[in-house]
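Enquirer: for reference, the sequence and a predicted model appear below.
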Amino acid sequence: MPVVSDAAVAGRGIFSISDSEFRLFQQLMFNEAGVTLASSKKALVNGRLSKRLKARGCASFRAYYDLLGQDAEEWQWAIDLLTTNETYFFREPKHFDYLREKVLPAHVSGRPFRVWSAACSSGEETYSIAMVLADTFGGDGWSVMGSDLNTQVLAKARSGHYGMARTEGIPRSSLERYCLKGKGSQAGTFLVGRPLRERLEFRQINLNTNLPKLEQFDVIFLRNVMIYFSQETKAQIVRRVLGLLKPGGHFFIGHSESLNGIADGLEAVRPSIYRKPA
């Protein structure tokens, strides 16, 4: 039986990650992003990184792992590929109803209303928040910051350009007021209009490290990301994030997530909605 060399395998783009190599990437994601990759994610890691091995001429996942320690740009490529991003406009709509009906009417006029959409992925959540704030406050007196670790999804978020299939969930009035339908070569897509886009800021922030110095926020969304963290990591991240929430501010998490045992100082006002005591 002929023997296929590592070089030949690399040239054909056929790779198979070993258990020991997978453990290296598990540790990498935990150390850098606080994300716990379950054993069931081995095939996902193999599939998502194989093209990078071929592009960089690496004969094995171990060789690619060693490369990451020497190449910051490639390290970011790997982090981007291994970060799960699933979101859509007005996801978990009861949160936006509560923001619109309870939180915003109680805001004291005369000072800016600030919202942080943490782990914002490709920006759908961030723009959904902005539409609600613009409906309430108009063009002034508010700001929204979206952040994520993944630079590729942040580039998508900054563009505000999405396929028409993503319009599902956006109220028709908001779609007509804030979005532009693509024509010609852009048919089948839509663009969030410039007036709304320019109100938003997107930043790369790693929630698993010390956070940058920022002004405090009235509302923080940290939804559908903590399910990837261990209990200890989750507690550390929540503590950091809550340090940037104003007293009396609101904290939104995903409906499938829980703060039991990690944020006892918060007041539960609705399922998955909390308030920081004033």
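Expert: Arrived safely, thanks for sending.
Enquirer: report the separation between the residue nearest to Asp19 when sequence neighbours are not counted and Ser185.
Expert: Distances taken as CB to CB, 6 or more residues apart in numbering place Lys42 nearest to Asp19, at 7.8 Å, with adjacent residues excluded. (C-beta placed from N, C-alpha, C; glycine too.) Plainly put, Lys42 is 40 Å away from Ser185 if you go by CB to CB, to the nearest Å.
Enquirer: so for stretch 111-125, what gets flagged as buried?
Expert: For stretch 111-125, the neighbour count (16 or more other CB atoms under 10 Å) marks 113-125 as buried.
Enquirer: again but with stretch 236-247, I slipped
Expert: 236-238, 241-242, 244-245.
Enquirer: and stretch 149-169, by the same measure?
Expert: So, applying 16+ other CB under 10 Å, buried residues of stretch 149-169: 149-150, 152-154, 156-157, 160-162, 166-167.
Enquirer: dump the residues you listed to a markdown table, plus distance to Tyr274, secondary structure and pLDDT.
Expert: Below are these laid out as a markdown table (distance: CB to CB, whole Å; DSSP: H, G, I helix; E, B strand; the rest coil; pLDDT from 0 to 100):
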| residue | distance to Tyr274 | secondary structure | pLDDT |
| --- | --- | --- | --- |
| Leu149 | 23 | coil | 90 |
| Asn150 | 26 | coil | 89 |
| Gln152 | 31 | helix | 88 |
| Val153 | 26 | helix | 91 |
| Leu154 | 26 | helix | 94 |
| Lys156 | 29 | helix | 94 |
| Ala157 | 25 | helix | 96 |
| Gly160 | 29 | coil | 96 |
| His161 | 33 | strand | 96 |
| Tyr162 | 30 | strand | 93 |
| Arg166 | 29 | helix | 87 |
| Thr167 | 30 | helix | 90 |
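Enquirer: report the contact partners of Trp77.
Expert: By CB atoms under 8 Å, 6 or more residues apart in numbering, Trp77 lies in contact with Arg52.
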